[in-house]
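Visitor: What shape does this take:
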Amino acid sequence: MNFKSLLVSAAFLPMIAACATSTPYVPSVDGQYGYTETQIESNRWQVSFSGNTLTDLKTVQNYLLYRSAELASENGYDYFVVVDRKVDEDKKVQSTGFDSGPFHPAFSYRYYHPRFGWRMYSDPFFNDVTLREVKKYEAVAEIIAKKGDKPESDANAYNAKDVLTTLAPKIVRSVE
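Guide: Presented below is the predicted three-dimensional model:
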């Protein structure tokens, strides 16, 4: 392998590795994976986190709560209340291997028969197709940040500092 091809291979290695990991805690770029927020009022935001197919639902929800706590804390608030929350699940069935209809290109070939002309042979019993279900999750919440003590009777109220402390060990940031 010459130096130039080694250099090109090394340049693509981080991109290939990034494809094989769950979505890290990063801001979304161009509507891709990560978190976004939109300020609605001085103390109200719509926050979302979108994960790739390797990011499980619990991680998506934890990242959403963590971003909400960051927003509240960064803006001088003590706690936040989730007033609206939803999770979208995008479920697909993906196939891997050779799946191009009744003829598999790698296992079919054409031949000439003197009596019948050109023919195509395909092995009808070969099926190297694996189907798997993949899911992507996006969690969206509207939060209101407030000052003072968190009301203990409200199950949708979260202490911002407690959320940041509790979830910090579970947050995986980008390697860049």
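
Visitor: Would you mind pointing out the helix or strand the residue sitting furthest away from the middle of the chain falls in?
Guide: Most distant residue from the mean C-alpha position of the chain: residue 115, 56.6 Å away (Cα atoms, centre = their mean). Using DSSP states H and E, residue 115 falls within no helix or strand.

Visitor: Run through the bridge partners of the nearest residue to residue 77 once chain neighbours are set aside.
Guide: Counting by Cβ to Cβ, 6 or more residues apart in numbering, residue 145 is the residue found nearest to residue 77 once chain neighbours are left out, at 3.6 Å. Heads up, the C-betas are built off the backbone N, CA and C, glycines and all. Counting by DSSP bridges, residue 145 forms beta bridges with residue 80.

Visitor: Can you report how many residues lie near residue 145?
Guide: For residue 145, the neighbour count with other Cβ atoms under 10 Å is 23.

Visitor: go on, residue 48?
Guide: 22.

Visitor: what's near enough to touch it?
Guide: Counting by Cβ atoms under 8 Å, 6 or more residues apart in numbering, residue 48 touches 35, 36, 37, 64, 138, 139, 140, 141.
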